[in-house]
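K.L.:
the following comprises the amino acid sequence and a computationally predicted model.
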Amino acid sequence: MEALIALAIGTLTGCGVYLVLRARSFPVVLGLTLLSYAVNLFLLASGRLVIGQPPVIGMAASHADALPQALVLTAIVIGFAMTAFVIMLSLRARAELGNDHVDGKDEGGAPR
Amino acid sequence: MNLHLPILPILAPFLAGVLLLALPDLPMPLRRRIAVLSASIQIAIAAALLAAVGGGEILVYRLGDWPAPWGIVLVADRLAAWMVLITTLLALFAVIYAGDGLDRRGRHFHVLFQMQMFGLAGAFLTGDLFNLFVFFETLLIASYGLLLHGGGRDRVRAGLHYVVLNLIGSTVFLFAAGLIYASLGSLNLADIATRAAQVAPENLGLARAGGLLLLAVFALKAALLPLSLWLPAAYAHTSAPVAALFAIMTKVGAYAILRVDTLVFAGAAGALADLFTPWLLPLALATLSFGMLGALAAQNLRRLAAWLVVASVGTLLTAFSLGTEGIAAGLYYLPHGSIAAALLFLLAESFARRRPVSADFFTPDRDMPHHALWGGLFFASAVAIAGLPPLPGFVGKFLLLRATHEHPAQMWIWGVILLAALVGVIALARAGSRLLFSVTTVDPGAPSPRATAIDTRPEDPPDPPSGARELVAILGLFGLLVALAVAAGPAVDFARATAAQLGARAPYIHAVLGDQP
């Protein structure tokens, strides 16, 4: 399970970094979304991966750490709000600058 | 009253913001009055907090009365109270200046401004790493709204870069928090500090990676060199009062670096000791040089001010990397750097309003009305920001240079700081002579191509200068600098006491965690 989770986080992060470095705003937004998925999984794994244990100390021989889930919940809410904001901002930039390049420039170079 | 004092700086702007949001139909003069009143109340609270912790007490506020490290704590020590006081003072004059017409260009300027203050106060007072992340996000989302306030092509483009970069920064912050939690098992700063000394060998790599990722995030916020390229465009294209308030935003990053460096990765932290130290000084000196070169190349006053913000972060972090004496010098320099930068942003806007053709660009324009007054104000501010005597920048840099005594890199620090000061003087002198002395009689009806191509003027019609609020804000900020110079003795004593408090971790840890083993 550790390998699967690690692979998933690594793939998401790699794709996210690649997309964030693209020149148009839509892939950048997608990249930010993938990065936030990756970090959510990562936070979940930061309490160590355990299966079938209660999240309460003293009920069983070992216990699952409940705190990372609270952290992930907070991170999801904040990430959701930020993604909504950056989508609106990209649309606004598309309207104001006349194209969807993050630098506001088409391949020709001059801002339109 | 004293019991709840540490949370009041966070609650006051929050309640004012909610009040303004809940009453959208209030007339603008009343909204402005509420905003100024709220800023004044925040100053009073911050002063009370500073008085309460000035003797060396560390006030701990346990939210919901859960004992640390299980609950979330707010911690007010000298450093936190000092930062809150500086922020509130800056905010008062920024909000007064915004009352000159900027706040009419969007519906929620004052709401966003109060929420920004809420996030700033929270970031300074929290004693918990994840809570710090939450307050960072609060102040960032308010700052996105403020940065874009008023709209316009260049502002939106600079804003998009700023938002995307900060979202990546937030992701890295979460990775860092996850690593710290996975390796040290806590997110409470005092608890991390005690656990860092006895970290298990198999977790050492994770903890180091987490710590250095944290440094990267804070460096992005503070605009430390490889991560400072976003700042000039973002600050130069936003409106003046917002840029003035943002002068403190880079200091949040510097504060976080200082707090984590002295508390968690201090010399007593065993295998994790001095994690930040090898990076801080070279990067800070590079930032200072780079900022001054940018200032020399700037084409308008706003961009010059933005580059000087980068340079002032470089100076500040140079000071923070020099041990207790250096931290004291930095804490005295910090309000000066923020206030002087804010002053220059406000002056740039006032110049732009009075120069119909080239705004704040260094190209000739018609003679400004009251040019003696504005020229005098520019001269006085330039003297302040360049760090010439008798204003406090000089005292701060003098203390900094003295703190390098017997430091192995002393020659480098002296060389970079003194050369940077010279370059700063040249850049400011060039700006002043171009802005004030090169006067033409061109037709004001035909704006120069540069001013329309680069500046935000077309979407941002200048308000008719009323003068009164502008002058109150600018003279008020200048008065703060003079006060800081006059009260240099007590202020330096306070900065030394603060640095000494940061150097001794045990009282902080004891105040937060109590008598636990």
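P.N.:
Received it, and whenever you're ready, just let me know what you need.

K.L.:
helix, strand, or coil at B:Leu275?
P.N.:
Per DSSP: H, G, I helix; E, B strand; the rest coil, the local secondary structure of B:Leu275 is coil.

K.L.:
contact partners for residue 47?
P.N.:
All of this refers to chain A. Taking CB atoms under 8 Å, 6 or more residues apart in numbering or on different chains, we find A:Gly47 in contact with A:Ala64, A:Asp65, A:Ala66, A:Leu67, A:Pro68, A:Gln69, B:Tyr181, B:Ala182. Yep, even glycine has a C-beta here, placed from its N, CA and C like the rest.

K.L.:
sorry, I should have been clearer: chain B.
P.N.:
By CB under 8 Å, 6+ apart, the residues touching B:Ala47 are B:Leu85.

K.L.:
that one sits in which helix or strand?
P.N.:
helix B:28-53 (DSSP states H and E).

K.L.:
tell me where chain A has helices.
P.N.:
A:2-20, A:25-45, A:67-97 (DSSP state H).

K.L.:
could the ones you listed be laid out in CSV, adding distance to chain B, mean neighbour count and mean pLDDT?
P.N.:
Putting the helices of chain A into CSV (distance: least, CB to the nearest CB, whole Å; neighbours: other CB atoms under 10 Å in any protein chain shown; pLDDT from 0 to 100) gives the following:
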stretch, distance to chain B, mean neighbour count, mean pLDDT
helix A:2-20, 6, 14, 93
helix A:25-45, 4, 21, 92
helix A:67-97, 5, 17, 90
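
K.L.:
ok, back up a step: which of the contacts of A:Gly47 sits closest to B:Gly267?
P.N.:
B:Tyr181 (23.8 Å; CB to CB).

K.L.:
can you count the residues close to the closest residue to that closest one other than its chain neighbours?
P.N.:
Residue nearest to B:Tyr181 in three dimensions, not counting chain neighbours: A:Ser46, with 5.0 Å by CB to CB, 6 or more residues apart in numbering or on different chains. A:Ser46: 25 surrounding residues under other CB atoms under 10 Å in any protein chain shown.

K.L.:
dump the residue contacts of A:Ser46.
P.N.:
Each residue near A:Ser46 by CB under 8 Å, 6+ apart is listed here: A:Pro68, A:Leu71, B:Gly178, B:Leu179, B:Tyr181, B:Ala182.

K.L.:
try it again at 10 Å.
P.N.:
A:65, A:67-68, A:71-72, B:174-175, B:177-183, B:185, B:206, B:210 (CB atoms under 10 Å, 6 or more residues apart in numbering or on different chains).

K.L.:
just the ones in helices from these, please.
P.N.:
A:67-68, A:71-72, B:174-175, B:177-183, B:206, B:210.

K.L.:
contact residues of the stretch 201-350 of chain B facing chain A?
P.N.:
Residues of the stretch 201-350 of chain B lying close to chain A (CB under 10 Å from any CB of the partner chain) are B:Leu206, B:Gly210.

K.L.:
assign the closest residue in space to A:Arg92 that isn't next to it in sequence to helix, strand or coil.
P.N.:
Of all residues not flanking A:Arg92 in the chain, B:Val156 sits nearest, at 5.7 Å (CB to CB, 6+ apart). When classified by three-state DSSP, B:Val156 comes out as helix.

K.L.:
now B:Val156: how far from B:Leu224?
P.N.:
26 Å (CB to CB, to the nearest Å).

K.L.:
same question, B:Tyr97
P.N.:
The gap separating B:Tyr97 from B:Leu224 is 28 Å, by CB to CB.

K.L.:
cool, and B:Phe320?
P.N.:
From B:Phe320 across to B:Leu224, the span is 11 Å (CB to CB).

K.L.:
swap in A:Arg22?
P.N.:
Noted for A:Arg22: a distance of 26 Å to B:Leu224, by CB to CB.

K.L.:
try B:Phe276
P.N.:
Distance, B:Phe276 to B:Leu224, by CB to CB: 11 Å.

K.L.:
remind me what the helix or strand containing B:Ala420 packs against, helices and strands.
P.N.:
Element membership for B:Ala420 (DSSP H and E) is helix B:410-437. With contacts defined as 3 or more CB pairs under 10 Å, 6 or more residues apart in numbering or on different chains; DSSP states H and E, helix B:410-437 has these neighbours: helix B:277-297, helix B:301-320, helix B:323-354, helix B:371-386, helix B:392-403.

K.L.:
any chance of those in CSV, plus mean neighbour count and mean pLDDT?
P.N.:
Rendered in CSV, the data for the helices and strands packed on helix B:410-437 read as follows (neighbours: other CB atoms under 10 Å in any protein chain shown; pLDDT from 0 to 100):
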stretch, mean neighbour count, mean pLDDT
helix B:277-297, 20, 90
helix B:301-320, 28, 91
helix B:323-354, 26, 89
helix B:371-386, 19, 85
helix B:392-403, 22, 86
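
K.L.:
format these as JSON lines; extra columns: distance to B:Phe118.
P.N.:
Shown next, in JSON lines, are the helices and strands packed on helix B:410-437 (distance: least, CB to CB, whole Å):
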{"stretch": "helix B:277-297", "distance to B:Phe118": "29"}
{"stretch": "helix B:301-320", "distance to B:Phe118": "23"}
{"stretch": "helix B:323-354", "distance to B:Phe118": "19"}
{"stretch": "helix B:371-386", "distance to B:Phe118": "29"}
{"stretch": "helix B:392-403", "distance to B:Phe118": "29"}
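
K.L.:
wait, which of the ones you listed is closest to B:Val36?
P.N.:
Comparing those by CB to CB, helix B:323-354 comes nearest, at 15.8 Å.

K.L.:
tell me the angle that closest one makes with helix B:371-386.
P.N.:
160 degrees (axes from the mean of the first three to the mean of the last three CA atoms, to 10 degrees).

K.L.:
pretty sure A:Val39 contacts B:Gly169?
P.N.:
No: in this structure, A:Val39 is not within contact of B:Gly169 by CB atoms under 10 Å, at 11.8 Å.

K.L.:
just want the residue of chain A that's nearest chain B.
P.N.:
Distances between chain A and chain B by CB to the nearest CB are smallest at A:Ser46, namely 4.0 Å.
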